[in-house]
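S.K.: Coordinates only, no sequence provided:
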């Protein structure tokens, strides 16, 4: 069997449809991006400059919150948010097991304990019922991840948090611009954490992150901590440090890039949704598990992720057809070596474990053409039909 490489596909026909293509987006914006970068170089202000301040203001306005604080990465956004809420060693934080490792890492960096939660049986996001069963007197916060661009069940999560006095820190790394009941994701909990990694819906040209919140105290604490807890960041004296801080500033160059891109976020998300509708129409009778339908159309499809019992065989077939794919994620966090000391065993979170064996993401980036979407769907249906024919032949043979 040929090796399947992550992200890009090799086509026997010479045609490639990569999982993600950043070049086309940047070509379209190149004049504005280059002008923005040139302005930064001309000013020679590379750290905590006017673009960072302006981008923070623009993000706060876009998300209709009081504060937006730029940091160095999405992981730092989670870590600093939790630190601002006073999470410390001995505390427990509820975290989905089926997510990227950064969600739990933010908890561990503070010496707290991630308590892993299973996923909903008909989707990918955290199961509030399972979360409630895992609450103890040490539980201080819950991190709902809006995985793949789909809103987590925020009504149930917010009710659970209120009933038990928990902080809600939204992980919006894969869902910038998504909504829940009309409200933008990240603005519903006590804080929202964003990553601007190049593959996200709102993407920089490197690492970057942001915390949004309506809590004045939390915003001030994050501003303090992100720059070595220098008191001058919150109106105090320079080189006076009331706490141990971090080196976690959003770069001026990244802020300049993101300011160019932010006005396009909603239109890019609409293209993602359009592609998803086309996939859904083409694949509705395929027997594959398709992404859950948002009741209000708010899913923003950072990834279009299928569930297939023959996932690895489908991935190999798509590779041979020139279609890029990726597995997000092949091993749940509760079974990772990094968290072995927490005592989880195989079978503890069965839905998450099954998703890791079946999830496969296919191209859905905004610049795809309808013809490319159809080509991907055709390749998937070819696999489904070939499997069905093989089963029929086997049945006849017996």
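M.R.: Perfect, I can see it now. What you see is a predicted model, and the numbers here were worked out from it, not measured in a lab.
S.K.: Give me the number of neighbouring residues for the residue lying closest to residue 46 once chain neighbours are set aside.
M.R.: Leaving aside its sequence neighbours, residue 46 sits nearest to residue 252 (Cβ to Cβ, 6 or more residues apart in numbering; 4.9 Å). All C-beta atoms are positioned from the backbone trio N, CA, C, and that covers glycine. Neighbours of residue 252 under the rule other Cβ atoms under 10 Å: 25.
S.K.: Strands of the protein, start to end?
M.R.: 67-71, 92-96, 113-117, 139-142, 167-171, 179-180, 183-184, 191-195, 209-213, 304-307, 359-362 (DSSP state E).
S.K.: Now mean neighbour count and distance to residue 60 too, for these, in TSV please.
M.R.: Below are the strands of the chain laid out as TSV (neighbours: other Cβ atoms under 10 Å; distance: least, Cβ to Cβ, whole Å):
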stretch	mean neighbour count	distance to residue 60
strand 67-71	26	4
strand 92-96	27	25
strand 113-117	23	29
strand 139-142	23	22
strand 167-171	27	15
strand 179-180	22	17
strand 183-184	17	11
strand 191-195	30	11
strand 209-213	29	7
strand 304-307	22	30
strand 359-362	23	31
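S.K.: How is the protein divided into domains?
M.R.: The chain breaks down into these domains under automatic domain parsing: 26-117+124-263, 264-397.
S.K.: Check these for me and report the most buried one.
M.R.: domain 26-117+124-263 (a mean of 20; mean count of other Cβ atoms under 10 Å).
S.K.: what about it, start to end distance?
M.R.: Distance between the boundary residues of domain 26-117+124-263 (Cα to Cα, to the nearest Å) amounts to 14 Å.
S.K.: pLDDT weak spots in this protein?
M.R.: Counting by pLDDT under 70, the chain contains low-confidence ranges at 1-15, 295-297, 389-398.
S.K.: how far away is the spatially most central residue of it from residue 290?
M.R.: Here the mean C-alpha position of the chain is nearest to the C-alpha of residue 174 (Cα atoms, centre = their mean), at a distance of 2.4 Å. Going from residue 174 to residue 290 by Cβ to Cβ, to the nearest Å gives 17 Å.
S.K.: Compare the strands of the chain and give me the one nearest residue 339.
M.R.: For residue 339, the closest of those is strand 113-117, at 7.2 Å, according to Cβ to Cβ.
S.K.: Dump the domains of the chain into TSV; add distance to residue 20 as well.
M.R.: Below are the domains of the chain laid out as TSV (distance: least, Cβ to Cβ, whole Å):
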stretch	distance to residue 20
domain 26-117+124-263	5
domain 264-397	5
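S.K.: Which one of those lies nearest to residue 17?
M.R.: domain 264-397 (5.1 Å).
S.K.: Distance from that closest one to the middle of the chain?
M.R.: Put simply, domain 264-397 sits 16 Å off its chain's centre (Cα atoms, centre = their mean, to the nearest Å).
S.K.: just stretch 48-61 next, same as before
M.R.: For stretch 48-61, the distance to the chain centre is 22 Å (Cα atoms, centre = their mean).
S.K.: Please apply the same query to stretch 188-197.
M.R.: 10 Å.
S.K.: what sits against residue 129?
M.R.: residue 156 (Cβ atoms under 8 Å, 6 or more residues apart in numbering).
S.K.: now swap in the one 10 residues further on and tell me
M.R.: Residue 139 sits next to 91, 92, 93, 94, 115, 164, 166 when contact means Cβ under 8 Å, 6+ apart.
S.K.: All set now, cheers.
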